[in-house]
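1. got a structure for you, letters missing:
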């Protein structure tokens, strides 16, 4: 009986185990179906995820939007509030006709900011030559292997239909060449011009136009970020406004990229607080070009010097290989490190829980360079922390499976000799054979082992080509977020050729779209000097030093803009589209907004000086004035308090609520408070 009972019990246990396995299999199958067919709902769920700690946001940021502190940190720049975007033609400007001189086919080479600059230039060239423009070919995507076949060249990044529709009255744009001309191009039987950087209108009129009329088609190869000089003669001012229409209206990213950027922007604003966008501008090319190798340590310095040597051999850099990086930094020729930007922002009054979005496709030195910034600000994020991996990969569409045929490097000659010697060695026992050489996987952003072995960098693998192509999409997302940010601050505004970079284009777009939005343009030379003054006690700055930083940064809101008109604009017009693409708004009485009351006479004088320095004299047309929302008398009175900030300042790193560092504590000493009020009033935006 006992034996039969044990058998029955074991049989029951087997059935229970089998039932458990079946239920587990069903559960796994259901989970697979949910993951496979509910991708859209996953997106909606992720959009509601709390990215930022709930306890931090709002605890120390307890001032209202009408407070002087809030206006100083996040409010508009009052001197620029009367500037309004206006890129419409102002004089006689005929629509594009049916008769053209021929077709212009363009191949554009370069990174994101170079492509954007070049597209604006080639549209102006097509209008200037009365030619039909074929949608430009973006070389960095078409030469990259493995990207989706759905998106080709221009359409990989921008919306073709929007581009053609927005420019329908300016220039005739077609997607492809006619069949007969397309065949000639395949046979390389059409004239090709490698257009020099910043060519003059004379070059196109006297060199390109005659060939265009003769052959009815020319091919332009554009590199270095532009093919037409930034500053045009006064009689060609309408072409400058055409540049603005291209850059700020016609160039829209394709729908998938725009939607993802909007989602990330929504997640950034989900806590209900403003945020800062920060572009480090720390690329290897820029550091090498400007001789900033010693800002880093160990292999990073060697990598920068290796790149500088490569630039010197190709004539990109005309200086010496060895450069005093410390001297370059003091002269303001090197990027501000993320740590330095963090110190400046904390000194200005931004709290430790401020949201900072870090943009940029590449930060040389990796994430470790951001560690000091993350230590000063808890909510430092980027596109990867605000999106799911599948959201980023989905904008690439279906891609070919890539197999790198040459994943590693061949063994060194010495290693081959060692292996051969081991094979021909005497009788056993013999020493163990040398270990096989570890294959090197070259990563363009990693630790390169070839620096000490070769003067030439290895060819890019197919995976690297694909990654480089995708950087255009990543920077497109960052571009949208930086333009829409409440505050923008760059670490550097020049690229690896000495031209305005990604950050410069962002600042130009913000200047056109909303001139009064806070866009800091730090004086790197002055900031470096201020940081050197307290290098021995960097995180324990005194009150006088804090006020010096605040005055400098606040002054640069306008002074940096005026300086850009002389420094950046001659290299890239769309990095500073004022005054050609802006106008002044008036109130209904016909007066300028800046001169509303006699009580603000001194302020009005300052405003007029700023606008005169920028060269803005054109008033907005009447139809724009209907959209003008006049400021109330109470609002005007409030704005006089913009610099009166007696409660906003605190010591640099002061403990708040016993567990974190704050920056908005009141001074206990009344005399210090009054002194700060006076200094804030004296250190206005202008």
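-> Great, that's in hand. Computed from a prediction, not measured in an experiment: that's the story for all the values here.

2. okay, now the unreliable bits of the stretch 101-250 of the chain?
-> 145, 149-150 (pLDDT under 70).

3. which residues in it form helices?
-> 112-128, 139-142, 154-157, 160-166, 179-186, 201-203, 209-215, 237-245 (DSSP state H, counting those that start in this stretch).

4. how about stretch 241-253: buried residues?
-> Judged by neighbour count using 16 or more other Cβ atoms under 10 Å, the buried positions of stretch 241-253 are 241, 242, 243, 244, 245, 246, 247, 248, 250, 251, 252, 253. (Each C-beta comes from the backbone N, C-alpha and C, glycine too.)

5. over to stretch 563-570?
-> So for stretch 563-570, counting by 16+ other Cβ under 10 Å, buried means 564, 565, 567, 568, 569.

6. for residue 147, which non-adjacent residue is spatially closest?
-> Once flanking residues are discounted, residue 147 sits nearest to residue 469: 5.2 Å by Cβ to Cβ, 6 or more residues apart in numbering.

7. and for that neighbour, the neighbour number?
-> Neighbourhood size, residue 469 [other Cβ atoms under 10 Å]: 23.

8. make sure it is indeed in a helix.
-> Yes: counting by DSSP: H, G, I helix; E, B strand; the rest coil, one finds residue 469 located in a helix.

9. so residue 558 makes contact with residue 79?
-> Yes: counting by Cβ atoms under 8 Å, residue 558 does reach residue 79; the two are 5.5 Å apart.

10. got a list of what residue 491 touches?
-> Neighbouring residues of residue 491 by Cβ atoms under 8 Å, 6 or more residues apart in numbering: 278, 279, 280, 281, 282, 335, 336, 337, 338, 341, 503.

11. just say helix, strand or coil for the fifth one.
-> This means residue 282. Going by three-state DSSP: residue 282 is coil.

12. can you pull the pLDDT of it?
-> On the pLDDT scale, residue 282 is placed at 89.

13. burial check on it, number of neighbours?
-> Neighbours around residue 282, by other Cβ under 10 Å: 23.

14. hang on, the earlier thing: out of the buried residues of stretch 563-570, who's nearest residue 123?
-> Nearest to residue 123 among the buried residues of stretch 563-570: residue 569, at 18.7 Å, using Cβ to Cβ.

15. for the closest one, phi and psi?
-> Phi and psi for residue 569, reported as degrees, to the nearest 10, are phi -60, psi -40.

16. what residues are up against the residue lying closest to it once chain neighbours are set aside?
-> Closest residue to residue 569 apart from its sequence neighbours, by Cβ to Cβ, 6+ apart: residue 576 at 4.0 Å. Residues in contact with residue 576, defined by Cβ under 8 Å, 6+ apart, are 508, 511, 561, 564, 565, 568, 569.

17. rerun that using 10 Å as the cut-off
-> Contact analysis of residue 576 by Cβ atoms under 10 Å, 6 or more residues apart in numbering lists 230, 500, 504, 507-508, 511-512, 561-570, 614.

18. same thing with residue 322?
-> 291, 293, 305, 308.

19. and which of these is nearest residue 157?
-> Among the contacts of residue 322, residue 308 lies closest to residue 157 (Cβ to Cβ), at 29.9 Å.

20. quick check: which element contains that closest one?
-> helix 298-313 (DSSP states H and E).

21. please enumerate residues in contact with the following helix or strand past that helix?
-> Toward the C-terminus, helix 298-313 is succeeded by helix 325-330 as the next helix or strand (DSSP H and E). Helix 325-330 is contacted from outside by 287, 290-296, 301, 304, 324, 333-337, 340, 524-525, 528-529, 531-532, using Cβ under 10 Å, 6+ apart.

22. switch to 7 Å and redo it
-> 290, 291, 292, 293, 294, 295, 334, 528 (Cβ atoms under 7 Å, 6 or more residues apart in numbering).

23. and the second one, what pLDDT?
-> This points to residue 291. 89.

24. so residue 488, which of the three states?
-> Classified using three-state DSSP, residue 488 is strand.

25. from the contacts of residue 491, which ones fall inside strands?
-> Those of the contacts of residue 491 mapping onto strands are 278, 279, per DSSP state E.

26. ok, the contacts of residue 491 vs residue 175, which is closest?
-> Checking these one by one against residue 175 (Cβ to Cβ), the nearest turns out to be residue 503, at 32.1 Å.

27. before we move on, the earlier item: for the contacts of residue 491, which one is nearest residue 259?
-> Closest to residue 259, out of all of the contacts of residue 491 and judged by Cβ to Cβ, is residue 279, at 22.4 Å.
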